[in-house]
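Undergrad: Pasting the sequence and the predicted model now:
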Amino acid sequence: MIGIDIIKISRIEQFYTRFGEKGLERFLLPEEIKEIRRIETIAGYWSAKEAIAKALKCGIGSTLSFKDIFVFKEAQGAPTFELLNGKEKLFNISQRSLSITHDGGFAVAVAFILRQ
């Protein structure tokens, strides 16, 4: 299954200006917040979590929340993710891939998930 998401970076910038660190805590885990250096990264993480939820065909909601998805970088720097709070077992994921990019004022993420 494949999920894709795109978001205007300026939308996330406005959100961060208005809500600051407390706003980030609404959709990012503490480990993710520690890795943030630029607004583009925040937008990329938002887009990644949305793309993952779309690939799982459930969206962000009662079945899967933003905090159930942990986005991080592998040793080589490529983005990847894990599902937390029992969701990994619930969705029975066997393979995964995640790509995040930002350019031209947008952040885009594509998630590929294969379930057993």
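TA: Sure thing, it's come through. Nothing here was measured: the structure is a model prediction, and the numbers come from that model.
Undergrad: can you give me the strands for the protein?
TA: 2-8, 69-73, 79-83, 93-103, 106-115 (DSSP state E).
Undergrad: what is the mean pLDDT for the first one?
TA: Mean per-residue pLDDT for strand 2-8: 98.
Undergrad: who's in contact with that strand?
TA: Among residues not part of strand 2-8, those counted as contacts by C-beta atoms under 8 Å, 6 or more residues apart in numbering are 43, 46-48, 50-56, 105-113. Placement of C-beta: from N, CA and C, glycine included.
Undergrad: so how far is that strand from its chain's centroid?
TA: 10 Å (C-alpha atoms, centre = their mean, to the nearest Å).
Undergrad: got the CA positions of it in PDB?
TA: Coordinates of each C-alpha in strand 2-8 appear next as PDB, following Å, rounded to 0.1, in the frame of the first residue of the first chain:
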ATOM      1  CA  ILE A   2       1.200   3.500  -0.800                       C
ATOM      2  CA  GLY A   3       0.300   6.800   0.900                       C
ATOM      3  CA  ILE A   4       1.300  10.300  -0.100                       C
ATOM      4  CA  ASP A   5       0.900  13.700   1.500                       C
ATOM      5  CA  ILE A   6       1.800  17.300   0.700                       C
ATOM      6  CA  ILE A   7       1.700  20.300   2.900                       C
ATOM      7  CA  LYS A   8       2.600  24.000   2.500                       C
END
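Undergrad: Show me which helix or strand of the protein is least confident by mean pLDDT.
TA: Taking mean pLDDT, DSSP states H and E as the measure, the chain has helix 87-91 as its least confident helix or strand, at a mean of 93.
Undergrad: How about the lengthiest helix in the chain, which residues are buried there?
TA: Secondary structure of the chain per DSSP state H: the longest helix is helix 9-27. Buried positions in helix 9-27, judged by neighbour count with 16 or more other C-beta atoms under 10 Å: 9, 12, 15-16, 24, 27.
Undergrad: before we move on, what about stretch 104-116?
TA: For stretch 104-116, by 16+ other C-beta under 10 Å, it's 106-111, 113.
Undergrad: likewise stretch 61-76?
TA: Within stretch 61-76, the residues that count as buried by 16+ other C-beta under 10 Å are 64, 66, 68-71.
Undergrad: What of stretch 37-45?
TA: Neighbour counts using 16+ other C-beta under 10 Å place 39-45 of stretch 37-45 among the buried residues.
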